[in-house]
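Peer 1: Build me a model:
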Amino acid sequence: MHTDCAEFTSGRSAPAIKAQPWSGRTLIADALFTAVVDPLTGARIRTGATIPDVAVDPRDGTLYAVCLDARFSDGEHNDIALSMSTDGGVTWTPPTKANQTPAHLDQGNAQAFTPSVHVAADGTLAVSYYDFRNNGTDSDPSQPLETDRFIAVCSQPSASAPDRCASGWTETRLTPTSFNLRVAPNSEGLFLRGYEGLGSAGNQFVSVFTQANSVADPATVYFSAFP
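Peer 2: Reported below is the predicted structural model:
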């Protein structure tokens, strides 16, 4: 089908839209993140640390926000902090850890970063993120920094549950194999993207994320549907 651009450039003025006032700012929580770095070399990994992601439950308007936060490790490494609001953003729950990165890892491999959050049509909540849990103990920077993307899903979000999930979080690995973050483009740090997409088609989550596969293929974007 052909659409003539002249339909949109006829010279007719767009209708005026009267600006509406904004509400005052509401503090969700203090951001207590630290730098994300290569566990071996200390090189910076650019993650969009100061950029939160937000989502809304399409059924009842419950709001969710995620961001990097180091409070759960006493400042040693970042996890993914989740807060929710059931009153339109007037009040928010204290942040809780949403990523399911294993607790036994050393501080370098325990880092989680670049979170996304979304709510499916049935109210199921999902949070996706990268971490280094599958990375070994590197002795040389020529070795890969093994990185993966995960999605943690909660079928019964609850403001009263200690971890904001009455049904318990379930986690799935989105990357079929680990990729080497050390070959990612360097733009003020090793950089995949500032955001990674997370959406849904009905009750199925759909994720868009970046992998660094090789020096010749340092940043390819992938699509994954879950479940």
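Peer 1: Pull out the buried residues from stretch 199-219.
Peer 2: Along stretch 199-219, these residues count as buried under the neighbour rule (16 or more other Cβ atoms under 10 Å): S200, F205, S207, V208, F209, T210, Q211, A212, P218. Quick note: C-beta positions are derived from backbone N, CA and C, even for glycine.
Peer 1: okay, which residue is most central for this protein?
Peer 2: P115 (1.4 Å; Cα atoms, centre = their mean).
Peer 1: thinking again about what came up before, quick one: which of the buried residues of stretch 199-219 sit in strands?
Peer 2: Cross-referencing the buried residues of stretch 199-219 with the strands (criterion: DSSP state E) gives S200, F205, S207, V208, F209, T210, Q211 as the overlap.
Peer 1: Straight-line length of stretch 33-51, end to end?
Peer 2: The first and last residues of stretch 33-51 sit 11 Å apart, counting by Cα to Cα, to the nearest Å.
Peer 1: Could you do stretch 214-227 as well?
Peer 2: 28 Å.
Peer 1: same question, stretch 165-185
Peer 2: Stretch 165-185 has an end-to-end distance of 36 Å (criterion: Cα to Cα).
Peer 1: returning to what we had before: of the buried residues of stretch 199-219, closest to F226?
Peer 2: Distances from F226 to the buried residues of stretch 199-219, taken as Cβ to Cβ, are shortest for F205 (4.8 Å).
Peer 1: follow-up on the earlier one: let me see the contact set for the residue nearest to the centre of the chain.
Peer 2: Neighbouring residues of P115 by Cβ atoms under 8 Å, 6 or more residues apart in numbering: D53, V66, C67, L68, I80, A98, N99, V127, S128, Y129.
Peer 1: Check for me that the fifth one belongs to a strand.
Peer 2: Right, I80. Yes. Under DSSP: H, G, I helix; E, B strand; the rest coil, I80 sits within a strand.
Peer 1: I'd assumed Q111 was in contact with it.
Peer 2: No. Using Cβ atoms under 8 Å as the test, I80 is too far from Q111 to be in contact (10.5 Å).
Peer 1: Among the contacts of P115, which ones are in strands?
Peer 2: Of those, the ones assigned to strands by DSSP E are D53, V66, C67, L68, I80, V127, S128, Y129.
Peer 1: Break down the chain into its strands, ranges please.
Peer 2: Counting by DSSP E, the chain has these strands, from start to end: 45-46, 53-56, 63-69, 79-85, 96-97, 112-119, 125-131, 146-154, 170-173, 179-180, 190-191, 197-201, 204-211, 220-226.
Peer 1: Could you tell me how many residues sit around R25?
Peer 2: 5 (other Cβ atoms under 10 Å).
Peer 1: Also the one 10 residues further on?
Peer 2: Here the number of neighbours of A35 (other Cβ under 10 Å) works out to 16.
Peer 1: Skipping its backbone neighbours, what lies nearest it in space?
Peer 2: R44 (6.3 Å; Cβ to Cβ, 6 or more residues apart in numbering).
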